[in-house]
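1. Everything below, folded, please.
(one chain, ligands or ions: 1)
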Amino acid sequence: MEFSCKILVIEDDPATREMLVGLLEEVGKYDVISAETGKDAEILANSHCPDVILLDLGLPDMDGSSVLQSVREWSCVPIIVVSARTSEADKVNALENGADDYVQKPICTTELLARIRVALRHSRNSGCNTSIALNSCFKVGRLVIDYRKYRVFVDGVDANLTQNEFKLVALLGQYAGQVLPYEDIIRRMWGPNAPADNQILRVNMTNIRRKIEKDPAHPRYIFTENGVGYRMTDHDPDDEQEDTPVCRIPEKAH
Ligand code: CA
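-> Numbering: from 1, shown residues only. From the prediction side, this is the model:
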């Protein structure tokens, strides 16, 4: 199964929308959804939790800046405004309302794609994990989270996580060493309207532990802080064990 980043395109002009959706799908690693109105955009943003949002300002039912504000109430997803408005005031307003970037129409496609990549890189680094910032990878013990390939490896072997499982591990990796509260995780994974009940989160975590832990009943990579949330370890769990002198990802057998 191929993993991808989800991009929400909010654009009412059919030709521009089709052009953007086509352009992004052609890249091959983006899962693209689109909305024509601000109302639909808010619904899609809430239910899909996209990784990047491209936002037109002139929408038929509301101004794009309202969408910006409502998404910002619950999400720090990168939002790139793509607009024909040229005034400095419009740009400043968008940025002050929480946009991460502003791209002028007519759209220069290579520039837009580059800005999307930058936005993704920045959001990946938001946990201030230097290893992720430098190598797009987080390594601890025998576990590697590859943020570029959307894969988790244990002892060099793909753990075959589903997209949601990957998202969850990737998020915890960004904040390794810190406890992420259940409510924060649920909001980031499933949006502001997701039920606060963490049953679905527990099911995902059970599956993840089955795939990445040697003994899922005694996890060594992702810990449960009872009643609070989950924490990814930031130090090698094998370090304290004398019977495993070398801890590194083994070379693949050829
Ligand atoms: Ca428009």
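2. center of this structure, which residue is that?
-> D51 (4.8 Å; Cα atoms, centre = their mean).
3. pretty sure that residue is touching V77, no?
-> Yes. With contacts counted by Cβ atoms under 8 Å, D51 reaches V77, the gap being 6.7 Å. For the C-beta atoms, the positions are set from N, CA and C on the backbone; glycine is no exception.
4. Quick check: the residue of the stretch 101-250 of the chain nearest the ion.
-> Relative to the ion, the nearest point of the stretch 101-250 of the chain is K105 (9.0 Å; Cβ to the ion).
5. buried stuff in the one helix or strand V92 maps to?
-> V92 is located in helix 88-96, with elements delineated by DSSP states H and E. Buried residues in helix 88-96, defined by neighbour count with 16 or more other Cβ atoms under 10 Å: D90, K91, N93, A94.
6. if we can go back for a sec, which residues does the residue nearest to the centre of the chain contact?
-> C5, K6, I7, V77, P78, L120, S123 (Cβ atoms under 8 Å, 6 or more residues apart in numbering).
7. per-residue pLDDT, it?
-> pLDDT recorded at D51 is 91.
8. Would you check how far apart it and V81 are?
-> Note on D51: its distance to V81, by Cβ to Cβ, to the nearest Å, is 17 Å.
9. residue contacts, the residue of the stretch 51-200 of the chain at minimum distance from the ion?
-> Nearest to the ion, among the residues of the stretch 51-200 of the chain, is G58, at 3.6 Å (Cβ to the ion). Shown in contact with G58 (Cβ under 8 Å, 6+ apart): D12, G64, S83, A84, R85.
10. try L95
-> Applying Cβ under 8 Å, 6+ apart to L95 gives the contacts Y102.
11. What about the residue of the stretch 101-250 of the chain closest to the ion, how many residues nearby?
-> Neighbourhood size, K105 [other Cβ atoms under 10 Å]: 14.
12. surely it meets V82?
-> Yes. If you go by Cβ under 8 Å, K105 and V82 touch, sitting 6.5 Å apart.
13. ok, back up a step: joint contacts of D51 and V77?
-> Shared contacts of D51 and V77 (Cβ under 8 Å, 6+ apart): S123.
14. what ranges do the strands span in the stretch 51-200 of the chain?
-> For the stretch 51-200 of the chain, the strands defined by DSSP state E, counting those that start in this stretch occupy 52-55, 79-83, 101-104, 137-140, 143-146, 151-154, 157-158, 179-181.
15. What ranges does the chain have for its helices?
-> 14-27, 38-48, 64-72, 88-96, 109-124, 130-135, 163-174, 182-190, 199-212 (DSSP state H).
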